[in-house]
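Chemist: curious how this folds, go ahead:
(one chain, ligands or ions: 1)
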Amino acid sequence: MKNVWFISDTHFSHINIIRYCKRPFVDHEIHDAALISNWNGCVKDGDDVYFLGDFCFRSRTRAKEIRQKLRGQIFFIEGNHDSAAHQIRQTFAWYHQVKMVKVNDQLIWLSHYAHRVWDRSHYSTWHLYGHCHHSLPDDPFARSLDVGVDATAVRLGRPDIYGSGTIPDSGLRPEDYRPIHFDEIAELMQRKQFKPIDHHGQSETPQE
Ligand SMILES: [Fe+2]
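Modeler: Below is the predicted model of the structure:
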């Protein structure tokens, strides 16, 4: 089966993101180099990567330079900080605002922003998002997940507070700022107690 990865909110070359999100890097050059290295430590040539927004600050040139260093075919969902990414959109497999995709027979609604309901959410369609940088508590009853690098780093480094919607002052490790694999997401989704919200507001069991 093909390796498929998800990631968002790298904020390459965004100097203040280190302070805003308590990322464990001394400056943005070390930050960028580590995130590129972590990405390529996971993603191999031929893998697919769905990127859910907020790729790179600064310039088109910097965004292009970073894109060229990253392995894999990238499918891009635009975030609110993607003016540079938009200028190099031809380097991505596709570039959309939101998109429903099918991966390993799983329908997944992709958006930079977290939704409360989405197309076919009552049929257990997944929803993956970014944007909130682990500042939004996880919904344990919905098949949705923050796949931004800050959420992934908290999940790996501080599993005790993962999903709480906070970024801790300690326990975050540079190597954990990486894409999350489809199988890791499947495992996290299985741990949730899915409570479908029927779109007609009546039935416990979703029906057409
Ligand atoms: Fe962001």
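Chemist: going by C-alpha atoms from here, please, whenever you check contacts or count neighbours.
Modeler: Fine.
Chemist: near the ion, which residues of this protein?
Modeler: Taking Cα under 5 Å from the ion as the contact definition, the chain meets the ion at 9, 54, 131.
Chemist: burial measure for the second one, as a count.
Modeler: When neighbours are defined as other Cα atoms under 10 Å, residue 54 has 25 of them.
Chemist: list the contacts of the lengthiest helix in the chain.
Modeler: As assigned by DSSP state H, the longest helix anywhere in the chain is helix 28-42. Identification of contacts with helix 28-42 by Cα atoms under 8 Å, 6 or more residues apart in numbering yields 10, 12-15, 18, 25, 66, 69-71, 174-179.
Chemist: PyMOL command to pick out the buried ones of the residues you listed?
Modeler: To isolate the buried ones among the contacts of helix 28-42 in PyMOL, judged by 16 or more other Cα atoms under 10 Å, type:
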select buried, resi 10+12+13+14+18+66+70+71+174+175+176+177+178+179
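Chemist: ranges for the strands of this structure?
Modeler: Assigned by DSSP state E, the strands in the chain fall at 4-7, 48-51, 73-77, 94-96, 98-103, 106-111, 126-129, 144-146, 180-181.
Chemist: can I get the ones you listed in TSV with mean pLDDT and mean neighbour count?
Modeler: Formatted as TSV, the strands of the chain follow (pLDDT from 0 to 100; neighbours: other Cα atoms under 10 Å):
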stretch	mean pLDDT	mean neighbour count
strand 4-7	98	24
strand 48-51	98	24
strand 73-77	98	22
strand 94-96	98	16
strand 98-103	98	14
strand 106-111	98	21
strand 126-129	98	25
strand 144-146	98	26
strand 180-181	98	21
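Chemist: residues contacting residue 173?
Modeler: Residues near residue 173 by Cα under 8 Å, 6+ apart: 24, 153, 157.
Chemist: ok, how many other residues are close to the last one?
Modeler: What it means is residue 157. Residue 157: 20 neighbours (other Cα under 10 Å).
Chemist: and for the second one?
Modeler: Neighbours of residue 153 under the rule other Cα under 10 Å: 26.
Chemist: okay, and the beta partners of residue 95?
Modeler: For residue 95, the beta-bridge partners under DSSP bridges are residue 76.
Chemist: thinking it is in contact with residue 79, fair?
Modeler: No - with contact defined as Cα atoms under 8 Å, residue 95 and residue 79 do not form a contacting pair (10.8 Å).
Chemist: low-confidence stretches in the protein?
Modeler: 198-199, 201-208 (pLDDT under 70).
Chemist: go again using 90 as the cut-off
Modeler: Applying pLDDT under 90 to the chain flags residues 1, 58, 122-124, 194-208.
Chemist: nearest to residue 83, of the residues of the chain next to the ion?
Modeler: Set against residue 83, the nearest of these by Cα to Cα is residue 54 (9.1 Å).
Chemist: turn the strands of the chain into a markdown table, columns for distance to residue 38.
Modeler: Shown next, in a markdown table, are the strands of the chain (distance: least, Cα to Cα, whole Å):
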| stretch | distance to residue 38 |
| --- | --- |
| strand 4-7 | 12 |
| strand 48-51 | 14 |
| strand 73-77 | 16 |
| strand 94-96 | 23 |
| strand 98-103 | 23 |
| strand 106-111 | 23 |
| strand 126-129 | 20 |
| strand 144-146 | 18 |
| strand 180-181 | 11 |
